[in-house]
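Engineer: here's a sequence, model it:
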Amino acid sequence: MDKYEEYRRQAEYCEKMAHKANTLDARASWLRLADKWSALALSKKLPEQSDNSVAAQLKKSDFKDSSSTD
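Structural biologist: Residues are numbered from 1 along each chain as shown. This is a model prediction of the structure:
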């Protein structure tokens, strides 16, 4: 599987988890993660966009507590 597909699958998973989330905060967190994964996927589809520019937008804190659904 190429990176684009891998990142799109991650985004889809996050969107699915957002729909299952029990709280608005959890839903918002999952949707933020989905947006980040989608941006990474797009960076793989658009070769003129540098991976570094997308990676710079991703902070470690964006992924903190991403597995919680409450």
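Engineer: nearest residue to residue 18 other than its sequence neighbours?
Structural biologist: Leaving aside its chain neighbours, residue 18 sits nearest to residue 30 (3.6 Å; criterion: CB to CB, 6 or more residues apart in numbering). Any C-beta I mention is one placed from the backbone N, CA and C, and that applies to glycine too.
Engineer: so that neighbour is in which element?
Structural biologist: helix 24-45 (DSSP states H and E).
Engineer: packing partners for that helix?
Structural biologist: With contacts taken as 3 or more CB pairs under 8 Å, 6 or more residues apart in numbering; DSSP states H and E, helix 24-45 sits against helix 3-20, helix 51-57.
Engineer: pLDDT averaged over it - what is it?
Structural biologist: For helix 24-45, mean pLDDT is 96.
Engineer: what sits against residue 4?
Structural biologist: 41, 44, 45 (CB atoms under 8 Å, 6 or more residues apart in numbering).
Engineer: just the buried ones from the residues you listed?
Structural biologist: Buried by 16 or more other CB atoms under 10 Å: 41, 44, out of the contacts of residue 4.
Engineer: from residue 16, how far out is the residue nearest to residue 18?
Structural biologist: Separation of residue 30 from residue 16 (CB to CB, to the nearest Å) stands at 8 Å.
Engineer: which of those two has more neighbours?
Structural biologist: More neighbours surround residue 30 than the other of residue 30 and residue 16, with 23 against 11 (other CB atoms under 10 Å).
Engineer: how far away is that one from residue 2?
Structural biologist: 24 Å.
Engineer: also residue 11?
Structural biologist: 14 Å.
Engineer: need the nearest residue in space to residue 31, chain neighbours excluded.
Structural biologist: Nearest non-adjacent residue to residue 31 (CB to CB, 6+ apart): residue 18, at 4.8 Å.
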